[in-house]
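*Asks:* 3D, please:
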Amino acid sequence: MNADTEQRRWSSKLMFLAAAIGSAVGISNVWKFTYVAGENGGGAFVLIYVGAIALIALPALIAEFLAGRRGGASVVKTMHNLHRQDGVSRHWRYYGHMAALGTFIALSFYTVVAGWTVDYFVRSVVDGFDGMTAERAGATLDGLMANSGRMIVTHLVFLGLTALTVAGGIRGGLEKALRWLTPSLFALLLALLVYAVFAGDMAAGASFLLVPDFEAFDRGTVLLAVGQAFFSLGIGIGVLMTVASYMDSKTSILKAGLIVAAADAGVALIAGVAIFPIVFAYGLSPAEGPGLIFATLPVAFGQMPGGSVLGAMFFILMAIAAFTSAITMLETIVSVVRDFTALSRIASVVIVTFLLWIAGLGTVFSFGSLADFHPLSFIPAFESRNIFESLDYIVSNWMMPAGGVLVAVLAGWGLSRQATLDELGIGDTAIYRVWRILVRFVVPIAIFLVFLVNL
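*Replies:* Numbers count the residues shown, from 1 in each chain. Sure thing, here's the model as predicted:
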């Protein structure tokens, strides 16, 4: 065990919550939620999404917090600790290895996409969006995708800032950043919402997002909403388990889970309520798909009063959301290295960051010279997927669902009833029994169904 293991503790409950919320709230809450909701009927999707947060994502989140605090180490060593102290099978270490690998793969392409937000923020400050048309917005995005050099730079800048933060340790790095960035994220989001109230078509936007169209209910919408609710929190790949391993024993896991799940869903909903009124006010379509944020919104920013300022605020919001997630993801990988090597924190961060940068080049060139390179074409599901698409598919469609099921099984079946009662500290109450039923049966079945549909 390395010398700094004992120092891996959040200084307060508030800092733990800032870290957990910062980890859970990422690009997916703003980017993916808005375009998936826009493509799937708005209110119908949101209704199922909120229900799935309560009945599937929250029980799984509590399970991950519980396992992380009880194990008290990196995701891999936590599995060793649970085997030693609670008698769970030694084979759970394979889940730890899969989670760490999944986090590494996800961070390698996540930091590239996060670099786009940096690029767009700089563009909004330097050039603004005045006079932006749909053609220009599309050409701007296409130009970024085709410019590998630019993406390499923004990827390196974002990854470098992430590494510098994690190198400072829990108190000197992560907490210093999260203390300001997590509240800033909410402040910027609320400022965008206030602007949308006055400059957007709030009636149309709110009606689209909050009033369900029951004709839009179908199996696909239900499973997409369940998947978004679960995956937006980032459950299953050990990040929240690592964040929880630094939690003190007095913090209520149940209350923490409720706060983090509510914050995660709240950011997604507020982002939707802020974005769709702008989309409707300027005659744009809410069903623009992944290009809604990077190709559609700049057109609205170019037409509205103060649009350049609003655009800059929006893309710095996106960058902050990405950054607070990225630092906890990098910490998850570094903690594994620290637990199983004699390397210092700084050496671990440097090595892991270098490997992430190299791995990220595959994603960068997937939008350029390697766009038509399909490395796993011999597998039917990957025959038309390039490097980035293959990595995203493996993490999002295989590793995260598998990890989510395994976390639920670990908490619901692997750990003893007494162990979970001890960690939750709520006694053998109705709340505990409901959680146990959900985590043992409902969560694994729901995630497994999403997994089958996404194959």
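
*Asks:* does Leu82 sit in a helix, a strand or a coil?
*Replies:* helix (DSSP: H, G, I helix; E, B strand; the rest coil).

*Asks:* What segments of the stretch 301-450 of the chain are helices?
*Replies:* 307-340, 345-366, 387-393, 400-409, 417-424, 430-437, 443-454 (DSSP state H, counting those that start in this stretch).

*Asks:* and these as a markdown table, adding distance to Leu240, mean neighbour count and mean pLDDT?
*Replies:* Every residue, glycine included, has its C-beta placed from N, CA and C. Formatted as a markdown table, these follow (distance: least, CB to CB, whole Å; neighbours: other CB atoms under 10 Å; pLDDT from 0 to 100):
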| stretch | distance to Leu240 | mean neighbour count | mean pLDDT |
| --- | --- | --- | --- |
| helix 307-340 | 8 | 24 | 94 |
| helix 345-366 | 19 | 19 | 97 |
| helix 387-393 | 20 | 20 | 94 |
| helix 400-409 | 9 | 24 | 94 |
| helix 417-424 | 15 | 17 | 97 |
| helix 430-437 | 16 | 14 | 97 |
| helix 443-454 | 15 | 19 | 86 |
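
*Asks:* so which of the ones you listed comes closest to Val299?
*Replies:* Taking CB to CB, helix 307-340 is the member of those nearest to Val299, at 9.6 Å.

*Asks:* What angle do helix 345-366 and that closest one make with each other?
*Replies:* Following axes from the mean of the first three to the mean of the last three CA atoms, to 10 degrees, one obtains 130 degrees for the angle between helix 307-340 and helix 345-366.

*Asks:* hmm, back to that, and the helices of the stretch 301-450 of the chain as JSON lines, adding distance to Leu292?
*Replies:* Output for the helices of the stretch 301-450 of the chain, formatted as JSON lines (distance: least, CB to CB, whole Å):
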{"stretch": "helix 307-340", "distance to Leu292": "12"}
{"stretch": "helix 345-366", "distance to Leu292": "21"}
{"stretch": "helix 387-393", "distance to Leu292": "18"}
{"stretch": "helix 400-409", "distance to Leu292": "23"}
{"stretch": "helix 417-424", "distance to Leu292": "39"}
{"stretch": "helix 430-437", "distance to Leu292": "36"}
{"stretch": "helix 443-454", "distance to Leu292": "21"}
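
*Asks:* Nearest to Leu101 among these would be which one?
*Replies:* Of all these, it is helix 307-340 that lies closest to Leu101, at 9.2 Å by CB to CB.

*Asks:* gap between the closest one and the chain center?
*Replies:* 9 Å (CA atoms, centre = their mean, to the nearest Å).

*Asks:* cool, and stretch 176-190?
*Replies:* With CA atoms, centre = their mean, you get 16 Å for stretch 176-190.

*Asks:* ok, back up a step: of all the helices of the stretch 301-450 of the chain, which one is nearest Ala203?
*Replies:* The closest of the helices of the stretch 301-450 of the chain to Ala203 is helix 307-340. By CB to CB, the value is 19.9 Å.

*Asks:* re the thing from before, which one, of the helices of the stretch 301-450 of the chain, ends up nearest to Gly131?
*Replies:* helix 307-340 (10.0 Å).

*Asks:* hang on, the earlier thing: and Leu209, which of the helices of the stretch 301-450 of the chain is closest to it?
*Replies:* So among the helices of the stretch 301-450 of the chain, helix 307-340 is nearest, using CB to CB, at 17.3 Å.

*Asks:* on contacts alone, who are the packing partners of the worst-scoring helix or strand of the chain on mean pLDDT?
*Replies:* Across the helices and strands of the chain, mean pLDDT, DSSP states H and E gives its lowest value to helix 291, namely a mean of 70. Applying 3 or more CB pairs under 8 Å, 6 or more residues apart in numbering; DSSP states H and E, one finds that helix 291 contacts no other helix or strand.

*Asks:* switch to numbering from 45
*Replies:* Got it, the first residue is 45 from now on, which makes the last one we talked about helix 335.

*Asks:* which other residues reach that helix?
*Replies:* Tyr79, Gly182, Leu185 (CB atoms under 8 Å, 6 or more residues apart in numbering).

*Asks:* can you rerun that using 7 Å?
*Replies:* Leu185 (CB atoms under 7 Å, 6 or more residues apart in numbering).

*Asks:* Figure out which of the helices of the stretch 345-494 of the chain is closest to Ala143.
*Replies:* helix 444-453 (5.6 Å).

*Asks:* got the angle between that closest one and helix 487-498?
*Replies:* 170 degrees.

*Asks:* How about Gly159, nearest residue that isn't a chain neighbour?
*Replies:* In space, and not counting its chain neighbours, Gly159 is closest to Thr198: 3.2 Å by CB to CB, 6 or more residues apart in numbering.

*Asks:* How confident was the prediction at the one you found?
*Replies:* pLDDT recorded at Thr198 is 96.

*Asks:* circling back to that earlier point, between the helices of the stretch 345-494 of the chain, which gets nearest to Trp136?
*Replies:* Of all the helices of the stretch 345-494 of the chain, helix 444-453 comes closest under CB to CB, at 8.1 Å.

*Asks:* And that closest one, what does it pack against?
*Replies:* With contacts taken as 3 or more CB pairs under 7 Å, 6 or more residues apart in numbering; DSSP states H and E, helix 444-453 sits against helix 102-115, helix 137-170, helix 487-498.

*Asks:* repeat that for 6 Å
*Replies:* helix 102-115, helix 487-498 (3 or more CB pairs under 6 Å, 6 or more residues apart in numbering; DSSP states H and E).
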